[in-house]
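> Need coordinates for the below:
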Amino acid sequence: MAQAFRGRRRPADFGDEGNIDDVLVKLYRCATVVKGGRRFSFGALVVVGDRNGNVGYGYGKANEVPPAVEKGIKQARRAMFEVPRRRTTIPHRVIGRFGASKIVLIPASEGTGVIAGSAPRAVLELAGVKDVLTKSYGSTSPKNLVKATINGLRQLRSRATIERLRGVKLDLPPELAKLGAAEPMEAYVDERPDEQEPRPVESPADAEAGETQTAPQESQNDAE
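Reported below is the predicted structural model:
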């Protein structure tokens, strides 16, 4: 055991360890029956990320726990990718699928937090997403949920990417990240032409009062 943990103290094996965090989502123990008894092996589901838009996952297998975790971290670091974000949340709603699992990722306002289970939470937090709502359907296997969350994050597209791919200019409010701190909501006010104000509705009492006031004038005109 001591020899295995000595390997984890070498940052040169994985590059700059100061900016990359890793989370062991699930440790699996497998047993095979042989002639002399049972032989155990371990599988480690690991998620890594810099909490600033880059995340990846890996699954390592070995006869002992520390080597399995090491393999998972190496595989996860090789599979890291960039996640588009909008301030502290995701740009738009997306559905991630893998196998029998499906997860819905919904943007949330600042201060909401990460509303998710343990497996999707590890992926979202290490990706730097601080405010998001999630709902999972189907299988609750950590492997499937992690892969479904990764599938959903890979489908995210920023506003600039959509405009570049379609070759159009989206008629949407500007992103909050570009607004000033003094007046953040003015850009969301729609500038529409002045419309005629609706005529106030008179109550029955006001209507009767108006009829009683006009009655003498009508009688005076008839007298003339």
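> Who are the contact partners of F98?
If you count contacts by CB atoms under 8 Å, 6 or more residues apart in numbering, F98 has them with 144, 147-148, 150-151. From N, CA and C alone the C-beta is placed, and that goes for glycine too.
> ranges for the helices of the chain?
2-7, 65-78, 118-126, 142-154, 159-166, 204-223 (DSSP state H).
> least reliable of these going by mean pLDDT?
Per-segment mean pLDDT for the helices of the chain reaches its minimum on helix 2-7, at a mean of 33.
> Return the member of the contacts of F98 nearest to D21.
I150 (16.4 Å; CB to CB).
> Report how many residues lie close to the nearest residue to that closest one once chain neighbours are set aside.
Counting by CB to CB, 6 or more residues apart in numbering, the nearest residue to I150 once its immediate chain neighbours are dropped is Y57, at 6.0 Å. The burial count assigned to Y57 is 25, neighbours taken as other CB atoms under 10 Å.
> Same check on the one 3 residues further on?
Summarising burial for G60: neighbours were counted as other CB under 10 Å, giving 19.
> same check, this time on G111
Using other CB under 10 Å: G111 sits among 8 other residues.
> What does the pLDDT read for it?
Confidence per residue is given as pLDDT, and for G111 that number is 92.
> Ok, R39 next?
pLDDT for R39: 93.
> So in terms of bridging, what pairs with it?
R39 has these beta-bridge partners by DSSP bridges: T32.
> One more: the one 10 residues further on?
G49 forms beta bridges with D21, V55, as assigned by DSSP bridges.
> T149 is in contact with that one, correct?
No. Taking CB atoms under 8 Å as the definition, G49 is not a contact partner of T149, at 11.9 Å.
> Show me whatever sits in contact with both of those two.
Both G49 and T149 are contacted by V123, under the criterion CB under 8 Å, 6+ apart.
> How is this protein divided into domains?
Following automatic domain parsing, one gets these domains for the chain: 1-81, 83-170.
> how far does the last one stretch from start to finish?
So that's domain 83-170. The straight-line separation of the ends of domain 83-170 (CA to CA, to the nearest Å) is 21 Å.
> Pretty sure S101 is one of the things G152 touches, is it not?
No. Using CB under 8 Å, G152 is not in contact with S101, being 10.8 Å away.
> Residues that sit against both of these two, list them.
With CB under 8 Å, 6+ apart, G152 and S101 have no common neighbours.
> Who are the contact partners of Y57?
Y57 makes contacts with 25, 45-48, 76, 79, 123, 146-147, 150, as judged by CB under 8 Å, 6+ apart.
> With that, I have no additional questions.
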